[in-house]
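Asker: coords below, sequence missing:
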């Protein structure tokens, strides 16, 4: 019996970044990450395939196609994105192009320019937005502008 034991469960650690593309790096071509997480701080021109999480950091840029389970954007993504689970666009994030998602989260300040289609589990599509989806101090998150 310990007097100092705690019955609180330990918090789960943040997911580790398995691969990192640094700030001043330009990668042209095709990237396959498997289920590993991939963080982009530099520039990618091409295609990213991932069954895990892809995150684009502030200052990071992806131009091309992203096929991933989960995409978190605080930088810029331009092109075609097919995200099976969730696309998160944080306050500094900018996404432009054709987007297909399982779910979409746009924080205040984040921008989605283009067409966004939600795919439900049955494979049916629902158009979420065509145009610019953005948040601002004047609007509410997810407001179509």
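Answerer: On my side now, so go ahead. These numbers come from a predicted model, not from an experiment. Numbers count the residues shown, from 1 in each chain.

Asker: From here on, just use CA atoms for contacts and neighbour counts.
Answerer: Noted.

Asker: May I ask you to confirm that residue 33 is in contact with residue 49?
Answerer: Yes. The pair residue 33 / residue 49 is scored as a contact, 6.4 Å apart, by CA atoms under 8 Å.

Asker: Start and end of stretch 29-40, how far apart?
Answerer: 14 Å (CA to CA, to the nearest Å).

Asker: Give me the buried stretch members for that stretch, please.
Answerer: Using 16 or more other CA atoms under 10 Å as the test for burial, stretch 29-40 gives 33, 36, 37, 38, 39, 40.

Asker: List the contacts of the first one.
Answerer: This means residue 33. 48, 49, 50, 51, 52 (CA atoms under 8 Å, 6 or more residues apart in numbering).

Asker: Same question for the second one.
Answerer: Residue 36 makes contact with 17, 18, 19, 50, 51, 52, 53 under the criterion CA under 8 Å, 6+ apart.

Asker: which regions of the chain lie under the pLDDT threshold?
Answerer: 1-17, 121-145 (pLDDT under 70).

Asker: can you do 90?
Answerer: Scanning the chain for pLDDT under 90 picks out 1-19, 34-36, 119-145.

Asker: chain center to the helix or strand residue 78 falls within, what's the gap?
Answerer: Assigned by DSSP states H and E, residue 78 belongs to strand 76-89. Centroid separation for strand 76-89 versus its chain: 5 Å, with CA atoms, centre = their mean, to the nearest Å.

Asker: packing partners for it?
Answerer: Applying 3 or more CA pairs under 8 Å, 6 or more residues apart in numbering; DSSP states H and E, one finds that strand 76-89 makes contact with strand 61-73, strand 94-106, strand 111-119.
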